[in-house]
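A.B. asks: Predicted structure and sequence below. I'll ask about it afterward.
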Amino acid sequence: MSVSFDHLKQFITAELAHRKALPAGVLSPSDYWLDYNRYSSYVRTLPDAELELIRHHTWHLTGDIYSAYHFISRRAKAETISMYEELLPRLGGFKPCEPPGGIGVDTPHGRLNSGILRYSVVVSDLYTHGFLPRTGAKRLLEIGGGYGGLALMCQQFNPEISYVICDLEETLFFQTVFLTLHLGADRVHLVRGENGDLDNRQPGHVYLLPQTRLAALERLRFDLAINQQSMQEMTRPQVERYCDTLEKCAAQFYSCNRKSHGAGVVEAKGLVADLHDFLARRFRIAWDSTEHIAPLARACLRNKPLRKFVTAIIGKSFLPRGEASFLRYVYDCRKPAA
């Protein structure tokens, strides 16, 4: 597939200049993301042929690196397959895998990696609890879209979805390249939120909006907004800014995040200290991923010292895989009528 990304490079350069001209504050990346953006800026200088291997350059967005799969042990491969097979019954017949040119371990289910497992959890949560059907038009918004993997999976799961990603300007570059390669340039749109370019969103299309243009979303309506492991990396004012927008444009909001990154990182990078409590005070919880587990386990999820104490007594973790780090919630965003 031969694609030119010159227009994308020009767009990102212009949007970065626009951001630089604005007052500093919530529009600037957190210190956490300033570091990562600096480390990954070389990608925007790569030739188009190299960008076709964009997933080999997304380590800063996923913590996943291609070389790890060249040396994966039999045990780790078996664990990956086991976790994937646990998720399949909750995906309504959908069988996601890494697209061509991507990274991962080859299995009877296709090429798998940590991103496929992570995004499959999101889709299975939303599908099994009635927030995301296999068919029917739905308007989705993702805040912080990583490399575009969840957007692609949602489009494959339900091709009638229209999808908007709002993210840091640097990260939009990765999403645009990845989604263009796997959806086609005619279905991927760079927008500034001006002149109604988000008013006529089409099913099966993805629209990418720089976060400095967030206000453009306030006049729109979304059935569901998603944030997956990035609000935990924002400052409190940045989270508040997104919540203000969600309250105006989204019916419900799915969050899969850590409570925080821990005191050392929170203080050093100025990140939000207790994301779950902040969101619970802001919105009503409609669904909680801990609903299905025992009361003691639920208490341990919310209390790290208690979790360590109980785990030490019984000699092993008794929580479902992945539950201890990332709690998932769906919130009702709109205030009830007075």
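C.D. replies: Cool, the structure landed. Here the structure is a predicted model, which is why all the values come from computation and not from measurement.
A.B. asks: got a list of what the nearest residue to residue 178 once chain neighbours are set aside touches?
C.D. replies: Nearest residue to residue 178, sequence neighbours excluded (CB to CB, 6 or more residues apart in numbering): residue 148, at 4.1 Å. From N, CA and C alone the C-beta is placed, and that goes for glycine too. By CB atoms under 8 Å, 6 or more residues apart in numbering, the contact list for residue 148 reads 165, 174, 175, 176, 178, 179, 206.
A.B. asks: Between all of the residues you listed, which two are separated the most?
C.D. replies: 174 and 206 (13.1 Å; CB to CB).
A.B. asks: Just want to know which of these two has more residues nearby.
C.D. replies: Set residue 174 next to residue 206 and count neighbours by other CB atoms under 10 Å: residue 206 wins out with 27 against 24.
A.B. asks: Now do the contacts for the more buried one.
C.D. replies: Going by CB under 8 Å, 6+ apart, residue 206 touches 148, 151, 155, 163, 164, 165, 179, 183, 187, 188, 189.
A.B. asks: The stretch 151-300 of the chain: strands as residue ranges?
C.D. replies: For the stretch 151-300 of the chain, the strands defined by DSSP state E, counting those that start in this stretch cover 161-167, 188-190, 206-210, 222-228, 250-257, 284-288.
A.B. asks: need these in JSON lines with distance to residue 24 and mean pLDDT, can you?
C.D. replies: As requested, the strands of the stretch 151-300 of the chain are exported to JSON lines (distance: least, CB to CB, whole Å; pLDDT from 0 to 100):
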{"stretch": "strand 161-167", "distance to residue 24": "19", "mean pLDDT": "97"}
{"stretch": "strand 188-190", "distance to residue 24": "25", "mean pLDDT": "97"}
{"stretch": "strand 206-210", "distance to residue 24": "16", "mean pLDDT": "97"}
{"stretch": "strand 222-228", "distance to residue 24": "23", "mean pLDDT": "97"}
{"stretch": "strand 250-257", "distance to residue 24": "25", "mean pLDDT": "95"}
{"stretch": "strand 284-288", "distance to residue 24": "34", "mean pLDDT": "94"}
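A.B. asks: right, and the ones you listed - which one's nearest residue 103?
C.D. replies: strand 222-228 (18.7 Å).
A.B. asks: which regions of the stretch 101-250 of the chain sit below the pLDDT cut-off?
C.D. replies: For the stretch 101-250 of the chain, applying pLDDT under 70 flags no range at all.
A.B. asks: ranges for the helices of it?
C.D. replies: Applying DSSP state H, counting those that start in this stretch to the stretch 101-250 of the chain gives helices spanning 114-128, 149-157, 169-183, 236-249.
A.B. asks: so which of these comes closest to residue 13?
C.D. replies: helix 169-183 (9.3 Å).
A.B. asks: and that closest one, what does it pack onto?
C.D. replies: Applying 3 or more CB pairs under 8 Å, 6 or more residues apart in numbering; DSSP states H and E, one finds that helix 169-183 makes contact with helix 6-21, helix 31-40, helix 149-157, strand 161-167, strand 188-190, strand 206-210.
A.B. asks: out of those, nearest to residue 282?
C.D. replies: strand 161-167 (18.1 Å).
A.B. asks: any idea what sits nearest the residue most central in space within the chain, other than its immediate chain neighbours?
C.D. replies: Residue closest to the average C-alpha location in the chain (CA atoms, centre = their mean): residue 228, at 3.6 Å. Closest residue to residue 228 in three dimensions, ignoring its sequence neighbours and counting by CB to CB, 6+ apart: residue 256, at 4.9 Å.
A.B. asks: Quick check, that neighbour in contact with residue 287.
C.D. replies: No: using CB atoms under 8 Å, residue 256 makes no contact with residue 287, being 11.9 Å away.
A.B. asks: Compare neighbour counts for these two and give me the winner.
C.D. replies: Counted by other CB under 10 Å, residue 256 and residue 287 do not tie: residue 256 has more neighbours, with 24 against 17.
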